[in-house]
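1. whatever this is, show me its structure:
(one chain, ligands or ions: 1)
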Amino acid sequence: MRLKDKVAVITGGGSGIGLAITQAFSAEGAIVVIAARNATRLREAADAVNASGGRAKAIPADISDEGQVRKMVARTLTEYGRIDILVNNAGIPGPTARIVDMELAKWNEVLAINITGMMLCSREVLKDMMLRKSGNIINISSVGGMSGFPMRSPYCVSKMGVIAFTETLAIEAGEYNIRVNCISPAAVRGDRIFNAAKAKAEALGVDREEVLARLIKDFSLKRFIEPAEVAAAAVFLASDESSAITGHTLAVNCGMHISHY
Ligand SMILES: NC(=O)c1ccc[n+]([C@@H]2O[C@H](COP(=O)([O-])OP(=O)(O)OC[C@H]3O[C@@H](n4cnc5c(N)ncnc54)[C@H](OP(=O)(O)O)[C@@H]3O)[C@@H](O)[C@H]2O)c1
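-> Down below sits the predicted model:
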C-alpha cells in the first residue's frame, strides 16, 4: 500500500474526480477526510468507503468561507493529529459566456471557490505541515489552465491561477519538506463534462453531441479521460514514488495539448 495510514484531506471528495481520488487513496491505505458543501452526498460517499473496508470521514464545509475552512482543518487535526496530504480538488465550472456579457457575481464566485478556496485550505493545512516539516499538496487545475477557451474566461483564469499558485507554493514550502504539485485533466467522463457541453451547445446553437465530438477530435487518444485515471496520477504524486517532484503540472489529458497547439 502506497499511502498506508496517511491522513489525506480531499476537497470535493464526495463526487466526480474527487470521489475517484477518495476511493483510490482509501484503497492505498489512507485515512481520508472529505470536505464539500452537500452534507448528505458527502456522508453517503464516506459511508460507502467505510462499508468497503476503508477509513473515511465527511466534514461539510464551504471552502470559500474562511471560518468553515478553519473549522474543517481543526476538526481533522483534533481527530487524527496531523494532515499528511491535501488535495485541492473542489471547483466549479462557472458561466459559459463571452467576457462582454460577463455577470460580476458569477465571475467572483468562480474565483472565490477555485482560487481563494484553494488558498484558504492550503494556508490552514500548511500551518500543521510546516511545524512537522512534512507534507504533500496536490491541486487540480485543468486543460483550461494551459490555454484560453472562448466563453470560459473565469474558469480559465482560475485554473491558470491554480498552476501559478502551485509553482509559488512549491518554492515557498520546499525547505519545509512539503511538495506541491498539480494535475491538469482535460474532459473527464462524467456529469460535469456532459453539462458543460450542453451549456456550450446552447450558447452556440448547435447539438450537444457535436460539441462532445469536437472535443474528442482534439485528443490524440480520441476518448474521454476516466476519473480513475486522474486518481491514479494523484496517488503517484501523493506517494514516495514522486519524492523528487515538486512544482510540476502533470497533464492527464489523452494527448489533448499536443493536438491542440
Ligand atoms: N470533469 C472534468 O472534465 C474536469 C476537467 C478538468 C478539471 N476538472 C476539475 O476537477 C475538479 C473536480 O471536478 P469534477 O468534474 O469532479 O466536478 P464535480 O463532480 O462537480 O465535483 C466538484 C466538487 O467540488 C465541490 N465543491 C464545489 N464548490 C465547493 C465549495 N464552495 N466548497 C466545497 N466544495 C465545493 C462539490 O461539492 P458540493 O457542491 O457539495 O460543494 C463537488 O464535490 C474541479 O476542480 C474541476 O475544475 C474537471
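
2. ends of stretch 198-209, what's the gap?
-> Stretch 198-209 has its terminal residues 9 Å apart, counting by CA to CA, to the nearest Å.

3. which residues are contacting that stretch?
-> Thr96, Ala97, Met151, Phe194, Ala197, Glu210, Val211 (CB atoms under 8 Å, 6 or more residues apart in numbering). Glycine gets a C-beta too; all of them are placed from N, C-alpha and C.

4. what does this structure have sitting close to the ligand?
-> 11-12, 14-18, 36-38, 41, 62-64, 89-92, 113, 117, 140, 142, 185, 187-188, 190, 192-193 (CB under 6 Å from any ligand atom).

5. just the buried residues from the residues you listed, in ChimeraX please.
-> ChimeraX command restricting those to the buried ones, with burial defined by 16 or more other CB atoms under 10 Å:
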select :11,12,14,15,16,17,18,36,37,41,62,63,64,89,90,91,92,113,117,140,142,185,187,188,190,192,193
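
6. list the contacts of the closest residue to Ser239 other than its chain neighbours.
-> Setting aside the residues directly before and after it, Ser239 is nearest to Arg2 in space (CB to CB, 6 or more residues apart in numbering), at 4.1 Å. Arg2 is in contact with Glu28, Gly29, Val235, Ala238, Ser239, Asp240, Glu241, counting by CB under 8 Å, 6+ apart.

7. could you find the closest non-adjacent residue to Lys71?
-> Lys71 sits nearest to Ala61 (CB to CB, 6+ apart), 7.0 Å away.

8. measure that neighbour to Lys159 for me?
-> The spacing between Ala61 and Lys159, counted by CB to CB, to the nearest Å, is 22 Å.

9. same thing with Gln23?
-> Taking CB to CB, one finds Gln23 at 24 Å from Lys159.
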